[in-house]
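[1] coordinates for the following, if possible.
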Amino acid sequence: MSPNESGLSEEQVRENRSRSGLNVLPEKPPPSDIVLFVRQLQNPLIYVLLLAGLITIVIGHFSDAVIILLAVGVNTILGFVQERKAANALHALKPLSWCLAMW
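    Prediction:
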């Protein structure tokens, strides 16, 4: 390539695009709300709390079981809401990522 050339010719660009496609990375779709919710339950601490809630039901301490299960429910809902907000914010920022590539 001589110093006067600035890159590929239009014909080379068309040929490369027809052969290889556009030069973009594939994007994964954002996770669904159900997946986000189930992810909140995939935590060892949640498993321990659910087991504790089950044991307290078996031994007859229903008020303690309700409090434990409420704590699990509140934690799950708050985690879901936060993760969904973060996923939505990341998705909204995707179109601006070309600006960062220029820097």
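[2] right, and residue 71 touches residue 48 too?
    No - contact between residue 71 and residue 48 fails when scored by CB atoms under 8 Å: they sit 11.5 Å apart. Glycine gets a C-beta too; all of them are placed from N, C-alpha and C.
[3] and those two? Which one has more around it.
    residue 71 (14 against 11; other CB atoms under 10 Å).
[4] where's that one, which helix or strand?
    Taking DSSP states H and E as the definition, residue 71 sits inside helix 62-93.
[5] kindly report the same for residue 17.
    Going by DSSP H and E, residue 17 is part of helix 10-20.
[6] show me the contact partners of that helix.
    residue 8 (CB atoms under 8 Å, 6 or more residues apart in numbering).
[7] after that helix comes which helix or strand?
    Downstream of helix 10-20 (by DSSP H and E), the next one is helix 33-41.
[8] now do the buried residues in that following helix.
    Within helix 33-41, the residues that qualify as buried are 36-37, 40, counting by 16 or more other CB atoms under 10 Å.
[9] quick check: mean pLDDT across that helix?
    Mean pLDDT, computed over helix 33-41, is 92.
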